[in-house]
Structure formats: structure tokens, C-alpha cells
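K.L.:
sequence? don't have it. structure:
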DNA sequence: TTAATTCCAACCAAATCACTCGGGATTCTT
DNA sequence: AAGAATCCCGAGTGATTTGGTTGGAATTAA
């Protein structure tokens, strides 16, 4: 059970934008370069994020992408859902997929707990949280480095 | 991010065996029938579970499969790992996959938390837990039914 | 006007998934 | 010893998904 690279790249790109929130639009190619993601592929990803309302774009020269809201207001779940669909571990939990065995399926209890656990992590972690954590880590590392 | 049907079927089959633990070997076709899984496909799945030490098999007439240990001693994680490999949400967390960005990757903190959350559910839930919960549910349902 | 950018749709190779098929090996029952 | 019930194994397969690439059109700042 792996997350697609799309979801991973998308989150990295979103974090890249979060780190520069408020500094104006960032062109796609600089994000692609910093994050080492194929430019054309990232284009598709940003398109999805735009349609989902996570980022906004400005076309033309000096254009680029930026987060649509402040990083505190965007959860990891929102980014990943936009790219990979909702993170539900098995089909039978999703609204329409309901399987006829559900009334007596012992496994379903497990999937529910698993889905809850995943939700609570992704839904409660914002881009700001991750950027902040990372700044602190980097800080400590630099500190270590110079001793 | 979906679990493969293999993992789902495998868990269902394991729970089926857990429900009958101590009653001797159960032939594959009866499990397949009760759980509505293709017999040949389930055969492959049971093969993997056997190699992983989750079930044992007895060949020949009157043979079949049974859990290798009591359901209290088998976690959901063990079953799923045997079939789909470890449930790690992204490659860069797995031992050998370590990516070079890890030292400054803000996303990785999220994946770690997600992996921990998943682990703690799957690693702490045993087959016995699920069978027991299910028996209670079924009990309540029957109760409701006859009022 | 030109260069920088986003936007869009089609295409593609490789991998994975969810099975199926066919037959061999083993063991119980009679 | 024969036959039936089982597990064991490896190969094949069609559909879908993944992880992109290609090529070009539209928009806008300088």
C-alpha cells in the first residue's frame, strides 16, 4: 500500500509554496528544479491542485503558482485528496461502494479503525506545521554542523 | 491509496480460519465459498500465508488449512505484510529506499507520522479481537431481529 | 513584439492487479 | 491398489494504473 508519486510530489510542491507564502507567485520550473520533479509532470499535478482550490495561478510572464490560502489553513489531507482521491484503505468503506457483506464482515471493523487513524493524522496536519517543523530541524542541523 | 484485494481477501480468509480455530483443518474450497473468493486466487494467497508462517496446511483428502497459532497471537499487520509487503506509505521510509532529500524533506515528517498511526492500528489488532467484536455485533443484530 | 509563463489534450511504455489455466504431488478412504 | 480429495506450483493474460512525455495553444509582463 503505497501512496502514488503524484501525491508525494504534490505535497512536496505544496510545501515548497508554503515555505514561500506571501512572496508572490512562484513559476513552475523553479519548484520543479528545487524539488527535482519532471516539469511537465508537475504541470499536471499543479493543474489538479488548482482545480481543487489549493493553489491559484497567474499566467504569463512573471506568473506562477501560489497557495490559495495561508499554510495554516491547508491540511495534508486536502492536498492528497485532490491528487489521489480520498485516502480510504478499502473500497467497501467508501460511500457508494458499500458491500453486501458489511453487516457481518469482521474485517470491516479493522478498515474503519485504519481509516480513522489515517484521517486523524492527515486531517490535522497543516502545511504550516510541516514547514515549521522542518525549519526547526534545519536550524538544529546547521547548529550541529558548526560545532 | 488502496489496499490490494489480495490483502483484503487474505485477512478475510484468516478471520474465517480464526473463527474456526481448534476445529481441525478447513479445506480451501469451503473458505472460498463462504468468503466468495475465487478458489484458485485464494490458493495463491494461502500459499503466501503459509510461507509467512501464518497458516499451516495438511495435504491430501480431509486436509486443509488452519492458523499456525491461536488468533490472539496473530496481528492484522502480520497477515497484510505477508501478502502486500510492509504497509509503508512511501518508499523513502523503507530501510533501503532512503532518499537523499531526507535530511531536509518536510514531507517526510508527515509520512513518518502516518506510518506510525497505521502501524499502531494494524500491529495492535489481533485476529481474535476482530472475531470477538464481530460475534458481539452479530449477537446484537440477532437480538434486534427478534424483538 | 517577444519572451515567459500557464493551460490543455493526446499519447505511450512499463508495471501491477486480479485473476485463470493446467497439471503435478500427497494423503485419506475404501 | 484405486480413486477421490486435497494442497502445491508455475506460467499466462487482459485490463487498469502509473508515471510520465510530446506538442502546441493561450495569456500576459516588459
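P.N.:
Cool, got the structure. The model shown is predicted, which means the values in this text are computed figures rather than measured ones. Residues are numbered from 1 along each chain as shown, chains lettered A, B, ... in the order given.
K.L.:
Can you get me a residue count around residue A:118?
P.N.:
Using other Cβ atoms under 10 Å in any protein chain shown, residue A:118 has 21 other residues around it. No exception for glycine: its C-beta is placed from N, CA and C like everyone else's.
K.L.:
so how far is the helix or strand harbouring it off the chain centroid?
P.N.:
Secondary structure assignment for residue A:118, by DSSP states H and E: helix A:106-124. Centroid separation for helix A:106-124 versus its chain: 18 Å, with Cα atoms, centre = their mean, to the nearest Å.
K.L.:
That helix near chain B at all?
P.N.:
Yes: if you take Cβ under 8 Å from any Cβ of the partner chain as the test, helix A:106-124 does meet chain B, through A:106, A:107, A:109, A:110, A:111, A:113, A:114, A:117, A:118, A:120, A:121, A:122.
K.L.:
could you list every residue that touches the first one?
P.N.:
The reference is to residue A:106. For residue A:106, the contacting residues are B:12, B:15, B:19, B:130, B:131, B:133, B:134, by Cβ atoms under 8 Å, 6 or more residues apart in numbering or on different chains.
K.L.:
could you dump the residues you listed to JSON lines with pLDDT, distance to residue B:100 and neighbour count?
P.N.:
Below are these laid out as JSON lines (pLDDT from 0 to 100; distance: Cβ to Cβ, whole Å; neighbours: other Cβ atoms under 10 Å in any protein chain shown):
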{"residue": "B:12", "pLDDT": "97", "distance to residue B:100": "40", "neighbour count": "24"}
{"residue": "B:15", "pLDDT": "98", "distance to residue B:100": "42", "neighbour count": "22"}
{"residue": "B:19", "pLDDT": "96", "distance to residue B:100": "48", "neighbour count": "17"}
{"residue": "B:130", "pLDDT": "97", "distance to residue B:100": "40", "neighbour count": "24"}
{"residue": "B:131", "pLDDT": "96", "distance to residue B:100": "45", "neighbour count": "21"}
{"residue": "B:133", "pLDDT": "95", "distance to residue B:100": "44", "neighbour count": "14"}
{"residue": "B:134", "pLDDT": "92", "distance to residue B:100": "46", "neighbour count": "19"}
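K.L.:
Helices along chain A, start to end?
P.N.:
Taking DSSP state H as the test, the helices found in chain A are A:5-19, A:28-35, A:39-51, A:76-84, A:106-124, A:127-146.
K.L.:
Tell me which of the ones you listed sits most buried.
P.N.:
Mean neighbour count, computed with mean count of other Cβ atoms under 10 Å in any protein chain shown, is highest for helix A:5-19 among the helices of chain A, reaching a mean of 23.
K.L.:
Measure how far that one is from the centre of its chain, please.
P.N.:
6 Å.
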